[in-house]
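Colleague: Sequence first, then the predicted structure, then my questions.
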Amino acid sequence: MSQNRFVSFLKTPLFIAKEYLHRKAAADFKYDFVDEPRKSEAAKIAATMREDGIVLLPGYFQGVQLEALQQAFEKVVEGKVCKHNPACFLSNDYFRETPVFLQAALDSFLLEIVAGYYQKPFSIGRSSAMRLLPHEPQRYGSFQWHHDARGRQVHLMLLLNPVTSQGQRMTYLKGSQHTYYDHYRGLAGGSRYESDISNDPTLMPRITEVIGPAGTVALFDANGLHSGNRNLNEQRDTLTFCYVSKSHFKKLSVRKSDVDAMDPKKQQIIKFNPLCEIVP
């Protein structure tokens, strides 16, 4: 047994116990971001997400709001070459550039779904704006089967341009979010599952693709196995908001005027991130 596996054997019981407690609902958590009938609709979507780990809302953002997001996206990724991914532009700090990003991340109906899934307090823990340019197919990093090594965590991926099954879509293994990983497979060093998926053809029916027209939203539990897919076919522009209910918070900067304009319930979500910096 390798040293990593031996350490994992010792630490796994506590590791799984912590994850079990993290997944337990908070009995006193109340949320009301929308009224009926949208509340019932959101509850059904959250129930599907609990079963499958992922839900797609095709063309959720439309019209003027989508156009504003697309235009703002162009500005925040311009010239920001990603150091870790070829043919990629990336920004991780853009909320204070314009209120349209924060408004999308705190969309009332989407928050109702996330709250129904977590059933405990949460905040925006991280975010990214990413442009993937066409690139030779490669399996590396997040562009292979993996989970995000942070336990249960809800991500919202917003497609800002059309993405097809021939493009650089994300793929997700439905149902895999239920897994409790041992210490080794639950951390960064062991969180890659490329051979596990590619060598098991029986899993194919459970794989879903994040595709759809511009404005499509994917909500998924990043504890489930998922993969990016590089190819030469299409550019892909995405915004990703990561909602966190414990630890794994990253520093975010938001403008005070944008926060003050929000409903108090949404302000609480922003401020639940202890590393959130509210700037003038």
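Modeller: Received it, and whenever you're ready, just let me know what you need.

Colleague: who's in contact with Met130?
Modeller: 77, 82, 88-90, 236-238, 240 (CB atoms under 8 Å, 6 or more residues apart in numbering). Heads up, the C-betas are built off the backbone N, CA and C, glycines and all.

Colleague: try 7 Å this time
Modeller: Neighbouring residues of Met130 by CB atoms under 7 Å, 6 or more residues apart in numbering: 88, 90, 238.

Colleague: What is the helix or strand hosting the last one packed up against?
Modeller: Pointing back at Thr238 there. In this assignment (DSSP states H and E), Thr238 forms part of strand 236-244. Secondary structure elements in contact with strand 236-244, counted by 3 or more CB pairs under 7 Å, 6 or more residues apart in numbering; DSSP states H and E, are helix 63-77, helix 99-105, strand 123-132, strand 154-159.

Colleague: now the chain, which segments are flagged as low pLDDT?
Modeller: Along the chain, segments meeting pLDDT under 70 span 1-3.

Colleague: Using CSV, write down the CA coordinates of the strand holding Thr238.
Modeller: C-alpha atoms of strand 236-244 as CSV (Å, rounded to 0.1, in the frame of the first residue of the first chain):
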residue,chain,number,x,y,z
ARG,A,236,-17.4,28.5,-26.0
ASP,A,237,-18.1,31.5,-23.8
THR,A,238,-19.3,30.8,-20.3
LEU,A,239,-19.9,32.4,-16.9
THR,A,240,-19.7,30.1,-13.9
PHE,A,241,-20.9,31.0,-10.4
CYS,A,242,-20.0,28.6,-7.6
TYR,A,243,-22.4,28.5,-4.6
VAL,A,244,-20.7,27.4,-1.4
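
Colleague: tell me which residues in that strand are buried?
Modeller: Using 16 or more other CB atoms under 10 Å as the test for burial, strand 236-244 gives 236-244.

Colleague: can you map out the strands along the chain?
Modeller: Ranges of strands in the chain, per DSSP state E, are 54-57, 88-91, 123-132, 154-159, 170-173, 207-210, 217-221, 226-227, 236-244, 252-255, 276-279.

Colleague: pull the longest helix from the protein.
Modeller: Counting residues, the longest helix found in the chain (DSSP state H) is helix 3-23.

Colleague: closest one to Glu41 among the strands of the chain?
Modeller: Taking CB to CB, strand 54-57 is the member of the strands of the chain nearest to Glu41, at 10.7 Å.

Colleague: Report all helices and strands that the closest one contacts.
Modeller: Helices and strands touching strand 54-57, by 3+ CB pairs under 7 Å, 6+ apart, are helix 38-52, strand 217-221.

Colleague: From the contact counts, what lies against the last one?
Modeller: With contacts defined as 3+ CB pairs under 7 Å, 6+ apart, the packing partners of strand 217-221 are strand 54-57, strand 154-159.

Colleague: count of neighbours near Leu158?
Modeller: 26 (other CB atoms under 10 Å).

Colleague: For it, give me its contacts.
Modeller: By CB under 7 Å, 6+ apart, the contact set of Leu158 is 61, 104, 217, 238-239.

Colleague: Kindly recompute the last result at 8 Å.
Modeller: The neighbourhood of Leu158, defined by CB under 8 Å, 6+ apart, consists of 60-61, 69, 104, 215-217, 238-241.

Colleague: So which of these is the closest to Arg23?
Modeller: Once CB to CB is applied, the member of those that ends up nearest Arg23 is Phe241, at 20.5 Å.
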